[in-house]
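Asker: Quick one, what's the 3D model for this:
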Amino acid sequence: MPVESGSTHDAGSSGVRQTLAIVMANALEFFDFTAYTYFAVFIGRAYFPAYAPDRQLLLSLGVFGLGFLARPAGALVLGLYADRAGRCAAMQLTMRLMGIGTALLALTPPHAAIGAMAPALILLARLLQGFSMGGDVGLSISYLYESSGALRRGRTTSLLLVTQGCAGAMACGFGYLASASLAPDALQAWGWRLPFLFGLLIYPAACYLRHTLPETLPVHARLPAGRAVLATIRAHHGRDLLAAIGVMCGPIVTTAIVSHYMTTYGMHTLRLSVSSAMLAGVAGGLVAAAGALGAGLVYDRHRRLRLAVVPLCVLMLVVYPVFRWVGGGGVATLCAAVALLTLLRVGASPLYLVLVPRSFPLPVRATSLSLCYGLATALFGGTTQYMVTWIIDRTGDTLAPAWYLLAANGLTLVAVCALLRRRVRHAEAPARRPSAV
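Answerer: Got it, this is the predicted structure:
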C-alpha cells in the first residue's frame with residue numbers, strides 16, 4: 001500500500017521559491033486556458049462569422065471542448081515522461097507547449113483576414129493547450145505533494161488552487177476592464193486578445209523558474225521504461241485509478257460550470273451586460289483562492305479527509321435552490337451564487353489534492369495523476385459547457401447546469417467512499433507492493 005512520507009526536498013526547508021515556481025507557472029497556464037471561456041462569445045464572432053449568434057457560441061465552445069480531447073494523450077505522454085525522466089524535465093516541456101498555444105490564440109487573425117485557416121489555427125492552439133494541461137496539472141500536484149512535509153501537505157497542495165483562483169479572477173478582471181473601457185467594436189476587434197498577450201509576456205519568466213527546480217523523483221525510484229510504469233498501474237492500481245477519476249468528476253464539472261460557464265450563462269441566458277457578467281468570475285476566483293488555502297490549513301490541523309466530504313454534501317444540497325435563485329436575480333445574485341458554490345467546491349479540495357496522490361506510489365504517481373485528470377476532464381469537463389448550452393437552447397430549461405452539477409458531485413461522493421474504503425482495506429492487508437518514497 002502507498003504510504004505518505006516526506007520527500008528529498010521538503011517544502012519547509014527548500015524554501016518558498018520552489019513552490020512558487022510550480023504554482024505560478026500552473027496559474028499562467030490556467031489564466032490563458034480559462035480566458036478563452038470568458039471571451040468565448042467574441043472568439044465565436046471572430047472565427048465563425050457566417051453563423052447565427054447562438055451557433056457561433058456553440059462552435060466556439062465546441063472548439064474549447066475539443067481541447068479537452070487532447071488531455072488524455074498529454075496525460076499519458078507527459079506523465080510517462082515525468083516518471084522516467086523526472087518531474088522537472090516534463091514540467092518544462094508543458095510550459096513550452098502552452099506558450100505556443102497561447103501565442104496562436106493571441107496572434108491568429110480573424111476569419112475575415114485569412115478565411116478557414118483562422119478557425120483551424122485556433123483549434124490547433126486549443127489542442128496544444130489541452131495536451132499541455134493534460135499532463136501539467138497531474139505533474140504539479142505530484143511535485144507539490146512530494147516536495148512538502150507530511151504536516152504541510154494540505155496547505156502546500158492547496159496553493160495550486162489558490163493561484164488558479166487568482167488567475168481566474170485576473171482573467172475575468174481583464175474581461176471586466178476591457179468590456180467596461182472599450183467600445184464594443186474595439187472589444188470585438190482586439191480587446192479580447194489582451195489577456196492572451198499578457199500571458200505570452202509572462203511565459204519566459206515562468207519557464208526560467210521551472211528550470212531552477214530540484215528533482216523530487218530519485219533516479220533509483222524510476223522504472224526502466226514507460227511499459228513498466230503502465231504494467232505496474234494495470235496490475236496494482238487499476239481500481240484506484242478508476243475511483244480517482246470519479247473523485248475528479250465533481251470538481252472538474254463544478255469548475256467548468258461555476259468558474260467558467262457562469263460568465264457565459266450570465267450573458268447568454270440571463271441577458272446581463274458583458275462587464276456585469278465578468279464580475280461573477282472575479283468573485284469566484286477570489287473566493288477560490290481564500291477557500292482553498294483555508295481547506296488546506298484545516299486538513300493539516302486535523303488530518304481527517306472525511307471532514308472534506310462535508311462541503312461536498314452541502315454543495316449537492318444547495319445547488320438546485322441556488323440556480324433557481326440565480327434565474328430570478330441580477331448581477332449581485334449571480335456573484336453571490338458563484339462565490340457560494342466555489343467555496344463549497346474548494347472546501348472539498350483535500351479529497352483530490354491529498355487523497356488521490358496518496359493512493360499511488362512514487363514511481364507511478366505522475367502518470368497515474370495525469371491520467372486521472374486528463375481522462376476525467378475529457379469525459380466530464382470537455383463536454384460540460386457545450387452540453388449545458390445545447391440543453392438550454394433545446395429545452396429552455398435554465399436549471400440544466402444544476403442537474404449537471406448534482407449528478408457529477410454525486411458520482412464524486414460515491415468514488416470518494418470507494419477510495420477511502422480501499423485505503424482502509426489496504427492498511428489492514430499485508431504489504432504486497434512497494435510503498436511510496
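Asker: Apart from its neighbours in sequence, what residue is nearest residue 166?
Answerer: Once flanking residues are discounted, residue 166 sits nearest to residue 289: 5.0 Å by CB to CB, 6 or more residues apart in numbering. No exception for glycine: its C-beta is placed from N, CA and C like everyone else's.
Asker: which residues sit in contact with the nearest residue in space to residue 322 that is not next to it in sequence?
Answerer: Using CB to CB, 6+ apart and skipping residues adjacent in sequence, the residue nearest residue 322 is residue 337, 5.0 Å away. Going by CB atoms under 8 Å, 6 or more residues apart in numbering, residue 337 touches 262, 280, 322-323, 325-326.
Asker: thinking again about what came up before, tally up the residues packed near the residue nearest to residue 166, please.
Answerer: Residues lying near residue 289 (other CB atoms under 10 Å) number 23.
Asker: how near is the residue nearest to residue 322 to residue 100?
Answerer: Remark: distance between residue 337 and residue 100 (CB to CB, to the nearest Å) = 36 Å.
Asker: For residue 325, see how far away the closest residue to residue 163 other than its chain neighbours is.
Answerer: Leaving aside its sequence neighbours, residue 163 sits nearest to residue 27 (CB to CB, 6+ apart; 3.7 Å). Distance, residue 27 to residue 325, by CB to CB: 31 Å.
Asker: More neighbours: the two, which one.
Answerer: Comparing residue 27 with residue 325 by other CB under 10 Å, the one with more neighbours is residue 27, at 26 against 15.
Asker: What strand or helix carries the more buried one?
Answerer: Taking DSSP states H and E as the definition, one finds residue 27 inside helix 16-38.
Asker: just how off-centre is that helix within its chain?
Answerer: Centre-to-centre, helix 16-38 and its host chain are 10 Å apart (CA atoms, centre = their mean, to the nearest Å).
Asker: Chain neighbours aside, what residue packs nearest to residue 409?
Answerer: Nearest residue to residue 409, sequence neighbours excluded (CB to CB, 6+ apart): residue 250, at 3.8 Å.
Asker: How about the contacts made by the one you found?
Answerer: 312, 345, 348, 408-413.
Asker: After the helix or strand it falls within, heading C-terminal, what element do we hit next?
Answerer: If you go by DSSP H and E, residue 250 is part of helix 238-254. Downstream of helix 238-254, the first helix or strand assigned by DSSP H and E is helix 262-268.
Asker: Downstream of that next one, the next helix or strand is which one?
Answerer: helix 274-302.
Asker: and the direction of that following helix versus that of helix 16-38, what angle?
Answerer: With axes from the mean of the first three to the mean of the last three CA atoms, to 10 degrees defining the directions, helix 274-302 sits at 140 degrees from helix 16-38.
Asker: packing partners for the helix or strand that comes right after helix 274-302?
Answerer: Remark: after helix 274-302, the chain's next helix or strand is helix 309-327, criterion DSSP H and E. Secondary-structure packing of helix 309-327 (3 or more CB pairs under 8 Å, 6 or more residues apart in numbering; DSSP states H and E): helix 331-347, helix 400-428.
Asker: and helix 309-327, what's its mean pLDDT?
Answerer: For helix 309-327, the mean per-residue pLDDT is 90.
Asker: If you count neighbours, what's buried in that helix?
Answerer: Judged by neighbour count (16 or more other CB atoms under 10 Å), helix 309-327 contains these buried residues: 309, 311-312, 315-316, 318-319, 322-323, 326-327.
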